[in-house]
Structure formats: C-alpha cells, structure tokens
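> Predicted coordinates and the sequence they were generated for:
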Amino acid sequence: MPSSAATNRPEDLMEKLGVCATDKQGEVLLKALREVKNQIIGNKTKKLLYLHLGAAAAAIGSFACGVEDGTRAVVEAGAVPHLIQILSHPDEKVVDAGVRSLRMIFQSKLAPKYDVLEAKNMKFLLSLLNSNTENLTEVAARIISHSCDKYEEQNVLCDAGALQRLVDLLEGSSSQREACLHALVAIARNNSDIATKFVQINNGRGLITLTDLMYDRHPQTRFLACKFLITLGQASSCHAQELQTKTKLILVLVELLEEPSQAGDDASFALLDLIAEKEDLHKQAMSINIIEKLCYYLENNSVSAKRLQGILLIIAEICSKLEICRCHLMSLQVLNALMDAVKHESADVRIAACKCIKNIFRSIKNLSADCLSNDAVVLSLIQLLQDSFTSIQDAALGAICNVVVAFKAKRSPLIKFGGVTQLVQLSKSMDSSVRLKSVWALRNLMFIADRADKEFIIYELTLSSLAILIRDSENLIQEQAMALVCNLVAGSADYIKYAFAEECVILNAVIRQLKSNCATPVCVQGMFLLANIAAGDEFHKEAVLSAVIPSQEDGCTASFIIRFMQSKDHFLRTASVWCILNLTNPVGENSSLRIRRLQDARILPQIKLMVNDPWLDCKFRVRTVLEQCMSNENMQKLSCS
C-alpha cells in the first residue's frame, strides 16, 4: 500500500488533528482538516466513522488552538457545553478528542465560566478531578481556574474536596501541575479561610511542596508556584511569608525574566504584585541589587513589549517611595533607555515609561541639584500629549506634572517648545483625569515661571477659561485651578491684578465657590488665594475684607471664614488665619478700620478662641494676628493722646 494512503487513514488523520493543534503546526493542521473534508463529502459511512472518532471535537479544538479569535468564535458558537458532554461518551477516542479541545480552550483567557454552584455541574467536575486519567484531571483543573472568582464559589469547591485533590495532583506531570497551580491561585485569591485550610493540608506538606516548586526545572511551574505563594500571602496577613521567603520570591521572579517563555513575560507582573505599596520590600529589593538587573533588561532591545512594560512598572513602583532608588537610577544613566521606551510602538510600554519618569522626577535631592533638567525628557512627553490614546495622554501629563518643577533654574522647555498650548487644549478635555492633570501641570509651571512666562501662560489659558475651571464639576480640578491662581498672584502685588481683571471674573468665581460649601481641599486653596490677595495694597485688602464679611444681600449672619476656622481640618484653619493675618497688618492707613469691622463680624472673637490651637502653625499665626491687633490699638491710643 502506498505511504500516502496509510497516512490518510481516518485514525491517522484524527491523530494529526490532535497533535498538530497541540503543537500549533498551522500548515499541517490545515492540510489534515482539508483531507477530512475531502473524505467525508458525499460519503455517509466516512462521516459516521469520523464522528465516532471524535472528529467534530478535534476540529473545534483545532480552531481554538493558539488563536484568540478562534477561541472566541468557538465559545460564541456555544460549542463548550457540547464538548463537556462529550467527556461522558463511552468511547475513549471521542473522550480524548473532547479533552484535547477543552484543554486548548481553557488555556485561553476567553474561556467561559463553568457554573460550579449548580449541583450537577459540581458533581461532574469533581468526577473529572478525581479521575485516574491525567488529561481529565488537567481539564478539570483548568475549568476550575476560570470558574471561581467569587467567594461562594471558592468555598463550595474547597468544601467539596477540590483543594485537597489539587494539592495531591501536584505530584503529577508538569502539564497537570501547572493546571493545578492555576486552579489553586483562583481558589485561594483574597480568601483567608481557604488560605488557612491550605496551610493545614497534610500537616503543612502542601506549603512545603509549593516552596520546593519555586525551584522546579520548568520555568512555568516556578512562576506559578511563586504566584500562588504571593496569592497566599495576600489572602491573609496571618499567612504572610517571612522576609526571607519574600526575598527568595523576588530572586526567583527576577531570574525568570531571563526565560524566553510566557513565564518570563508574566514574572515581572507577579513581582509587582508582591512588592506593591510595601516599602520594606522595596528596600529589600534594593539590597539585593534588583535595580541593576532590571536596568540590564531595560537596555536590552530584544525584550518583548509585555516584559518591558512589567520591568518599567517595577522600577516605577520602587521609585514611588524610595529616594535612594531614584538617585541610584540617575547614577545608572537610565534616562536614555526611558526615552526609547517613551517612543515604543506598544501603548502599554509608553504608559509604563511615563509612570517611571513621573516617580524618578519626585527626587527632591536631584531636583535641588538641578540634575533632572533634561530638555529631551520634556520633548518626548510633549509628543505624547498628541497621542490618540487618552490613557497615554493621561500618563504623560502625570509625568509632566513632576518634570516641570525640574526647570526652576531656567526657562521650561514646555514654554519654549509649545507644551503650554497643548496643556491648555487638554484642560478642556472631556476626560476628567486628563483635565485635572493638565491644570496640575500648569499650576506647577506657574510656580516656577517668571513674569514673562506667567503672562504667556495666562494669555494662552485666558482668565475666562480659568474661571470655568475654578467652577468645574470635579472638586480636584477646582482645587488645582485655585492653586494655579494662587501661584499666579504670589510674589508681587503686580500679579494680583489678574484676580481683578475682566470685571473680577477670577475673584468672583473663587468667592462663589467658598460660599457654596465646596470640598475642604478646595476651600484651603481658596483661602490661601485670598490670603495672597490680602497681602497686596489697600484696594486688594478691601476686596478680600468685603468677601469674608457677610453683607445683607447674602442673607446670612455669619462669615464663611468663621466656619472654616472652626473646621477639623488644620490646613483650612491655618489658611483662614493667614488671610486674617494679612488683613490685620498694621502697615496701612485703613488697618484700624479693618480690625474694627472684623471685630464686629465676630471674626476676631473666633480668632481669640483659637489661641491654643492644636496645630502649631495655626497657633503661631493666631498669636501673630492678636499681636497685630494689640499693636494697632496701642498706636491708636498714642495718636489720640
């Protein structure tokens, strides 16, 4: 018989469908599918034979293999419930075809959820899990990993014996072990009760097994063992690992970054989960030279986009708290690598690079030494402001908010290279986060700007637009807009004119907000703004005095500033007292009249009640106000005598 005839037997073609799908041999798989099609056209006997051999199940698995669109199509077609039913078929070949297809489908994130709370489903799933056939136990474990994201589902599976069985199956093949580890992560995630039960399994042998698997020869097994141990520690503080174990986890995960497989891509994100918001682990990572290793990968052009994203996020995380890390990174000259990452074709990498830059530029030491005033950094971020993705604009703005402060010793490239115009445009964005951060960046830019730059920023932004931002629907944006004006009018009485320009559009907007019971942080910035205005000349002081003393038109008897000075927020109390301090400054021809009006409005009596304020800065300002009032009174007596 010719060799071609032997390889085209139904049994051989079925084996090809299964093996080729598993190994992702696209061309061979397509050829096998075509041969099956050619054999069954017009041949009822062959059709029945292929169905008997599980051809439908194998073909479905072939479509789902390694292609997310294929998996999506299979799931949307409703094939999964039918494949699960096939597992009860009396013919082992049909069952095997169904198992192979389900295994491929449930390796995808698009795999459907199996309702484990339904009694018959649970019974069937446990029958698979308790099977002596490795393929069936693996499929059961993969189904579990997709089907217990709720507390009730986790507990039902655990009470039914799934937790114990999954631990027992860790002794099997690498494929089965990895499926079980995926399932264990799903069952124990954020569930302290199950974390406790796991630790008690087999008198603690389960935990020892997991620790040993951290050093397994298979990279994916090592990664999943680390991931489960991290999940276990996060599920309950009672089972959080000792620093020694966490250090081992860090080292194993960093070593996995060298692996070219999926485990290497995922390792950085597991490491990020481990150290997130934990300063002690940040320090531990620094002590074992993690930064140098990460920077090595950062400068390696062959690193995949996902891995590069994870590495950047880890660096950003460690830099979020530790000044020593920020300074160390600068000594390693990483800015060039970050500039490359900012221009990366992957949007996720660009976002991660922005987060990294943002946290590096939080360095007080480097800012003070003017080590971060790099025009290239700003230029690359300005280019991202034009990106079509709002998320990238948002990330770039977050970095710019910190970067602009680095140029306090010289003119900011944001002004030189057109960044201000783009910030102004983004301050009108429909996205509240983009709007917030663009205003925040303008606020910081205004803080370091000289006279010419301040005038340029206001010209681009316009006072009317700034007034709209002060009245924005978002409290955080109101706060930053007021802080922007506060920075504008600070430093010289000449700048205060902007608060009164265009028929007092800015001052009126601020006062309206202060009288409207807006959020406390907004009121804090508003009162500091009024304090800056009150530091001006007699006209400026009179305007602020008229604002804080209620008129008959307001229909109220008490000033809003009294309510602020009675606040539990010490910043609001301090800002309010600062305003009164500037109003009671004895230098000025109308100071005594202002003091009398503040007394009549019951504002000074409130000040006297604060003489022992628990916040030291507020207490000091209160006593300064009282000293100024006494000095003014003594001067009056001297003049009368």
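Noted; the coordinates are in hand. Since this is a predicted model, take the numbers as computed values, not measurements. Numbers count the residues shown, from 1 in each chain.

> give me the low-pLDDT residue ranges for the stretch 51-200 of the chain?
Applying pLDDT under 70 to the stretch 51-200 of the chain flags the ranges 51-71, 73-80, 82-83, 86, 94.

> Contact partners for Gln220?
Contact analysis of Gln220 by Cβ atoms under 8 Å, 6 or more residues apart in numbering lists 174, 178, 261-263. In this view, the C-beta of every residue, glycine as well, is placed from N, C-alpha and C.

> Need phi/psi at it.
Dihedral angles phi and psi of Gln220 (degrees, to the nearest 10) take the values phi -60, psi -40.

> Over to Ser320?
phi -70, psi -20.

> Against Asp348, how distant is it?
The gap separating Ser320 from Asp348 is 18 Å, by Cβ to Cβ, to the nearest Å.

> swap in Val303?
Distance of Val303 to Asp348, given as Cβ to Cβ: 13 Å.

> Compare the two (neighbour count), which wins?
Val303 (20 against 17; other Cβ atoms under 10 Å).

> Identify the residues contacting that one.
Residues in contact with Val303, defined by Cβ under 8 Å, 6+ apart, are 297, 311.

> tell me the SS of it?
At Val303 the chain is in coil, as set by DSSP: H, G, I helix; E, B strand; the rest coil.

> any idea which helix or strand carries Leu166?
Here Leu166 sits within helix 162-168, counting by DSSP states H and E.

> what's the next secondary structure element after that helix?
helix 174-188.

> quick one: buried residues of that next one?
Within helix 174-188, the residues that qualify as buried are 175-188, counting by 16 or more other Cβ atoms under 10 Å.

> and which of these is nearest Arg602?
Nearest to Arg602 among those is Ala188, at 60.9 Å by Cβ to Cβ.

> Distance check, the residue lying closest to His570 once chain neighbours are set aside against Thr574.
The shortest distance from His570 to any non-neighbouring residue, by Cβ to Cβ, 6 or more residues apart in numbering, is to Trp615 (3.7 Å). Between Trp615 and Thr574 the computed distance is 6 Å (Cβ to Cβ).

> okay, these two: which has more neighbours?
Thr574 (24 against 16).

> Please verify my assumption that that one contacts Val622.
No. Assessed by Cβ atoms under 8 Å, Thr574 is found out of contact with Val622, at 9.3 Å.

> where does the protein have low pLDDT?
Along the chain, segments meeting pLDDT under 70 span 1-71, 73-80, 82-83, 86, 94, 237-241, 364-373, 409-410, 552-557, 633-641.

> Please parse it into its domains.
9-112, 497-640 (the TED database).

> my guess is Val420 meets Leu442, correct?
Yes. Taking Cβ under 8 Å as the definition, Val420 is a contact partner of Leu442 at 7.5 Å.

> tell me, what's touching these two both at once?
With Cβ under 8 Å, 6+ apart as the test, Val420 and Leu442 both reach Ile457.

> more neighbours, the two?
Leu442 (33 against 23).

> in which helix or strand would I find that one?
Leu442 belongs to helix 432-448, assigned by DSSP H and E.

> mind listing what the residue nearest to Ala225 when sequence neighbours are not counted touches?
Nearest residue to Ala225, sequence neighbours excluded (Cβ to Cβ, 6+ apart): Leu213, at 3.7 Å. Shown in contact with Leu213 (Cβ under 8 Å, 6+ apart): 170, 177, 181, 221-222, 224-225.

> now these as a markdown table including distance to Val378?
What follows is the contacts of Leu213, written out as a markdown table (distance: Cβ to Cβ, whole Å):
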| residue | distance to Val378 |
| --- | --- |
| Leu170 | 52 |
| Arg177 | 50 |
| Leu181 | 45 |
| Thr221 | 45 |
| Arg222 | 41 |
| Leu224 | 42 |
| Ala225 | 44 |
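
> Got a quick ChimeraX command for the buried subset of these?
The buried subset of those, as determined by 16+ other Cβ under 10 Å, is captured in ChimeraX by this line:
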select :170,177,181,221,222,224,225
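
> Among the contacts of Leu213, give me the pair with the biggest separation.
Taking Cβ to Cβ, no two of the contacts of Leu213 sit farther apart than Leu170 and Arg222, at 13.3 Å.

> List the buried residues in whichever strand or helix holds Asn336.
Using DSSP H and E, Asn336 maps to helix 335-342. For helix 335-342, the neighbour count (16+ other Cβ under 10 Å) marks 335, 337-342 as buried.

> and whichever strand or helix holds Glu455 with helix 432-448, angle?
Following DSSP H and E, the helix or strand that holds Glu455 is helix 451-461. Using axes from the mean of the first three to the mean of the last three Cα atoms, to 10 degrees, the inter-axis angle of helix 451-461 relative to helix 432-448 is 160 degrees.

> next structured bit after helix 451-461?
Heading C-terminal from helix 451-461 (DSSP H and E), you reach helix 463-470.

> Stretch 584-594: how far from the chain's middle?
51 Å (Cα atoms, centre = their mean, to the nearest Å).
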